[in-house]
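Colleague: Quick one: sequence plus predicted model below, questions after.
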Amino acid sequence: MRYILTRVVQGIFILLGVSIITFFLPWLYFNPRELALQVLQGGPRINQAEITAWVHQHGLDRNLLVQYWSWLTHAIHGDFGIAYKESHYPHDVSVNTVLSGRLWRSVYLVVPPTIASILIAIPIGLTQAIRRNKLYDHAMTTGVFVLYSTPAVLVCILMAYYFGAVLHIGKSSVNPLAQGIPPSQFPSYMITHFSDFLLPMAAILFLSIGGLTRYMRGSALDTLVQDYIRTARAKGASPTRVLFRHVFRPSVIPLITIVGLTIPVIIGGALIVEFIFNFPGMGIQTVSSVQSGDFTVVMAITIFTAVLTVVGNLLADVFTAVADPRVRLTAAR
Amino acid sequence: MAKIETDTDFYANAPVSASGGLEAPFEPTHLGVPEGGEVAGGGSMGRQMLRVFMQNKLAVVSALFIIVLILMCIIVPFFYASDYWTVAGSSTSGTCFNNSNPGGFGSAAPSADHILGCTNGIDNFGLLFYAGRFSLLIGLLAGFVTMAIGTLYGIIAGYRGGKIDSFLMRLNDVFLSIPGLYLLLLVITIYGSSLWSLIAVIGFTSWFGVARLMRGEAQILRDREFSQASRSMGATGRRVMFRHVLPNSVSTMMTAATFAIGDAVIVLSTLGFLALALQPPDYDWGTMIQNASTQFEQGWWWTLWPVAIVFILFVLSTNYIGDALRDAFEVRLQER
């Protein structure tokens, strides 16, 4: 319990650091008056006084530290400010409007294939380790290596074309109507319109499975050379018993941490997947916001992804502590 | 149940030394530093590491592939016209003219004149290597920046230890918890993308893993005998760090650098695909893939497959080389 508490406090400090970086990186560079000029371009006649008034109205003439504090306190309450590039004078569009529902849609897109890839990676990695250096292992290693080395962009394009446009297994583009579905109804929408989401989910599966299988194989190989495995075999335990009683648990435990660590990679990959399959999630919004230079939106998304990563790592650590008694002991010290 | 093989006779019948410029970075003697551990026989540590590397046929093929690819990227653009005007605008039979395209100059299937076909009136073969120049240049330099920052940061943290270490590593944790691509996009949003800014941005946003790795390495090397000996003779911390710890971690750095370069090229292609990398007339593989992705859907497979295959082979090669280097490095660990 104390261990979990320490990790939570650490996570909060990390997020504080993330907020400092994401805030100051853009704001040290941006000139609020130029920003005002861009936003006010929709307005009738712009003069210097109006720009000054706009800058003052949005509090951009304050001390940077004060601005950071106000941004942070608003962000904690879930208000990420104004999406400047989406705004047309005099109407401000908030970042929350731009992002509404997108975070949850992305989570719904990423979670099922990630779980599936873990469930597939464990048996593949284990059997590979047992049949080390046999044809099966080499074939699998090569396949996994190719998957692992193929960039997300190519995986998605090839899947969208060959499975979507040629073979018609799934749709190569998500129906734009999906954007109007509120987050609460989204999971059921995904089930009823499964062919829309089959390919993007499969793409995420392919993107995450390579790394996980490699780690699983390595971790199982490490376990297999342990003395207690030899002891178990010497005692006459059957191969299946050795596998399930002695090899399985110690090799899967490190994988939990790895899953936590690959979360950023999966989120990054999901950006490409969303972009290519036109999925109305956070990733596709990131791309368009980056392209238009709308940095407040990008800041909010960066914070979201960092929160997901920190929470993911935290959960991974907690699960590891639950699954591995040694971790509990060292933490309690 | 399969028996677990132990690689005792791993380099028993390995080829005795082979030249090819690969061994130079492995030779600790070049660096004039104390060696760690005695080698029982069979040549220097660097030789043994080279042998293990050479034993890995796949890695040797990968290294050859990358060398050939780099040479092609340097040489081909000099001889092979790939720009729009020379290829599409000339009146010879070698134009990238496509009857099915109302605009005229478009995408044509591979032919004797254009062995990889054309994209938007540009010869694909020439463009592949022209874009390769930018991709590989940015990849190599960004990988170098990544390694330089990560190594320096990691070694200082690992060697100094204590409060400096925990501060630097907590800061590193903060950066590591922002998914790399998002941090990169945030920075690109602000600082834009030109050749040099791409190198800087990719380099500055991907060194966090390297820093953590090098910190672990520095922590081990700090307590080795030669570091202690050097300190006892009155060497300053900086001297021990850069004359003893740094040269002895060259193998780890080589491995990490291989992966860093591969990653940088991937990241660049992702940016290129999102139209956030170089703008024409500069090209990179990601931009090529982006152009191809729209044409590909019309059945023009030659626009995507050549660049896709070269690209995947490149990344695959860096991964194989990285793995082989790691194995070669483990030989050194065994000797310790």
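Modeller: The structure has been received and is ready for your questions.
Colleague: drop to CA atoms for contacts and neighbour counts, all remaining ones
Modeller: Will do.
Colleague: Any idea how many residues pack against residue A:142?
Modeller: Using other CA atoms under 10 Å in any protein chain shown as the criterion, residue A:142 is surrounded by 12 other residues.
Colleague: Once you drop chain neighbours, what's closest to residue A:312?
Modeller: Spatially, and ignoring its direct neighbours in sequence, residue A:312 is nearest to residue A:260 (5.2 Å; CA to CA, 6 or more residues apart in numbering or on different chains).
Colleague: Report pLDDT for that neighbour.
Modeller: As predicted, residue A:260 sits at a pLDDT of 76.
Colleague: Pretty sure it sits in a helix.
Modeller: Yes. Assessed by DSSP: H, G, I helix; E, B strand; the rest coil, residue A:260 belongs to a helix.
Colleague: Isn't it up against residue A:320?
Modeller: No. Assessed by CA atoms under 8 Å, residue A:260 is found out of contact with residue A:320, at 10.4 Å.
Colleague: can you pull out the helices in chain B?
Modeller: B:45-55, B:57-79, B:84-89, B:124-160, B:162-176, B:180-191, B:195-204, B:208-222, B:225-232, B:237-240, B:246-248, B:250-273, B:285-296, B:305-335 (DSSP state H).
Colleague: before we move on, what about the stretch 51-200 of chain A?
Modeller: Along the stretch 51-200 of chain A, counting by DSSP state H, counting those that start in this stretch, helices occupy A:64-76, A:95-99, A:102-130, A:135-149, A:152-159, A:186-192, A:194-224.
Colleague: and the helices of chain B as TSV, adding distance to residue A:15?
Modeller: Output for the helices of chain B, formatted as TSV (distance: least, CA to CA, whole Å):
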stretch	distance to residue A:15
helix B:45-55	42
helix B:57-79	40
helix B:84-89	49
helix B:124-160	21
helix B:162-176	7
helix B:180-191	14
helix B:195-204	20
helix B:208-222	16
helix B:225-232	37
helix B:237-240	33
helix B:246-248	32
helix B:250-273	25
helix B:285-296	32
helix B:305-335	32
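Colleague: about what we covered before: which one of the helices of the stretch 51-200 of chain A has the lowest average pLDDT?
Modeller: helix A:95-99 (a mean of 75).
Colleague: helices and strands around it, which ones?
Modeller: Helices and strands touching helix A:95-99, as assessed by 3 or more CA pairs under 8 Å, 6 or more residues apart in numbering or on different chains; DSSP states H and E, comprise helix A:295-323.
Colleague: secondary structure element for the residue sitting nearest the centre point of chain A?
Modeller: Central residue of chain A (CA atoms, centre = their mean): residue A:267, 2.3 Å from the mean position. If you go by DSSP states H and E, residue A:267 is part of helix A:248-277.
Colleague: relative to helix A:248-277, how tilted is the next helix or strand after that helix?
Modeller: Downstream of helix A:248-277, the first helix or strand assigned by DSSP H and E is helix A:282-292. If you take axes from the mean of the first three to the mean of the last three CA atoms, to 10 degrees, helix A:282-292 sits at 50 degrees to helix A:248-277.
Colleague: and helix A:282-292, average pLDDT?
Modeller: Mean pLDDT, helix A:282-292: 82.
Colleague: how much does that helix deviate in direction from helix A:295-323?
Modeller: 150 degrees.
Colleague: ok, and what's touching helix A:282-292?
Modeller: Applying CA atoms under 8 Å, 6 or more residues apart in numbering or on different chains, the contact partners of helix A:282-292 are A:85, A:99, A:102-103, A:105-106, A:270-272, A:274-275, A:278, A:295, A:297-298, A:301, B:185-186, B:188-189, B:274, B:276.
Colleague: Residue numbers of chain B in contact with chain A?
Modeller: Contact residues, chain B versus chain A (CA under 8 Å from any CA of the partner chain): B:1-2, B:4, B:170-171, B:173-175, B:177-183, B:185-190, B:266, B:270, B:273-274, B:276, B:293, B:296-297, B:308, B:312, B:315-316, B:319.
Colleague: Now which of those would you call buried?
Modeller: B:170, B:173-175, B:177-183, B:185-190, B:266, B:270, B:273-274, B:276, B:293, B:296-297, B:308, B:312, B:315-316, B:319 (16 or more other CA atoms under 10 Å in any protein chain shown).
Colleague: Excluding chain neighbours, what is closest to whatever residue of the stretch 151-300 of chain A ends up closest to chain B?
Modeller: The stretch 151-300 of chain A approaches chain B most closely through residue A:264 (4.5 Å), counting by CA to the nearest CA. Spatial nearest neighbour of residue A:264, excluding adjacent residues (CA to CA, 6+ apart): residue B:179 at 4.5 Å.
Colleague: so who does the one you found touch?
Modeller: Here residue B:179 is in contact with A:264, A:265, A:267, A:268, A:302, A:305, A:306, A:309 (criterion: CA under 8 Å, 6+ apart).
Colleague: re earlier: could you pull out the buried residues of the helix holding residue A:267?
Modeller: For helix A:248-277, burial by neighbour count (16+ other CA under 10 Å) applies to A:248, A:250-277.
Colleague: now swap in stretch A:227-240 and tell me
Modeller: A:229, A:232.
Colleague: who's in contact with it?
Modeller: So stretch A:227-240 is contacted by A:223, A:242, A:246, A:247, B:1 (CA under 8 Å, 6+ apart).
Colleague: residues touching the third one, list them.
Modeller: In other words, residue A:246. A:228, A:229, A:232.
Colleague: which secondary structure element contains the last one?
Modeller: Under the assignment given by DSSP H and E, the secondary-structure element containing residue A:232 is helix A:227-234.
Colleague: now that helix, how far from the centre of its chain.
Modeller: Distance of helix A:227-234 from its chain centroid, counting by CA atoms, centre = their mean, to the nearest Å, is 40 Å.
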